[in-house]
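> Sequence isn't available, so here's the structure alone:
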């Protein structure tokens, strides 16, 4: 497995070994022993999957402690622009984000530790996005930052993205008081 560090502290980009032949391919999408060497010891307790059409933006979401979630994310089908925003007040990269194209072709994954807001934009129709979480979802602990905050300047790809009503109403980063 190839592992690259992001310029944002603790975010990792992982490229699993892919074995391809005339039948297709095989890869390990997760192996506890191998992954803990890079991301540390984490117990994944919930797997999520979403299907989205091209131009959907989901995020920037997080869970407050004690339900904060680390996420190991990947694309099964299609492609996304994946975004991890550091919201850890004491981090040297607080307020900085990392973007990565994750796709069925490149088979890359991104490790996003707790203390990050996360979002993605689908770049192809029928994109299937998968993520392993270190804590279960808890509605009282959910939080969000406005997806298109002008101070963050995230390079979303679509001029007219499809956004949920809930995500349209979130706080700007300058008004955000991080629980991390």
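That came through, no problem. Small disclaimer: the values here were computed from a predicted structure and weren't measured.

> which helix in this structure runs the most residues?
helix 32-39 (DSSP state H).

> Now residue 82: which helix or strand?
strand 79-86 (DSSP states H and E).

> and that strand, which strands flank it?
strand 97-103 (antiparallel), strand 116-122 (antiparallel) (DSSP bridges).

> For the residue lying closest to residue 138 once chain neighbours are set aside, which three-state class applies?
Among residues not flanking residue 138 along the chain, residue 67 sits closest, at 4.0 Å (CB to CB, 6 or more residues apart in numbering). Using the backbone N, CA and C atoms, a C-beta is placed for each residue, glycine as well. Assigned by DSSP: H, G, I helix; E, B strand; the rest coil, the conformation of residue 67 is coil.

> need the strands for this structure, in chain order.
2-5, 12-15, 18-21, 24-27, 46-52, 57-63, 71-77, 79-86, 97-103, 109-112, 116-122, 127-133, 142-144 (DSSP state E).

> Also compute the angle for the fifth one relative to strand 57-63, please.
Looking back up the chat, that one is strand 46-52. 160 degrees (axes from the mean of the first three to the mean of the last three CA atoms, to 10 degrees).

> Contact partners for the closest residue to residue 43 other than its chain neighbours?
Closest residue to residue 43 apart from its sequence neighbours, by CB to CB, 6+ apart: residue 134 at 6.5 Å. With contact set as CB atoms under 8 Å, 6 or more residues apart in numbering, residue 134 has these partners: 42-45, 69-71, 114.

> same deal with residue 86?
8-9, 11, 93-97, 115-116.

> give me that answer again for 10 Å
Counting by CB atoms under 10 Å, 6 or more residues apart in numbering, residue 86 makes contact with 6, 8-11, 92-98, 112-113, 115-117, 178, 180.

> Skipping its backbone neighbours, what lies nearest it in space?
Nearest one to residue 86, counting by CB to CB, 6+ apart, is residue 93 at 4.7 Å.

> I'd like the strands of the chain as CSV, with distance to residue 158 and mean pLDDT appended.
Formatted as CSV, the strands of the chain follow (distance: least, CB to CB, whole Å; pLDDT from 0 to 100):
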stretch, distance to residue 158, mean pLDDT
strand 2-5, 26, 96
strand 12-15, 23, 98
strand 18-21, 29, 96
strand 24-27, 29, 95
strand 46-52, 12, 97
strand 57-63, 7, 97
strand 71-77, 17, 98
strand 79-86, 9, 98
strand 97-103, 14, 98
strand 109-112, 20, 98
strand 116-122, 6, 98
strand 127-133, 13, 97
strand 142-144, 19, 96
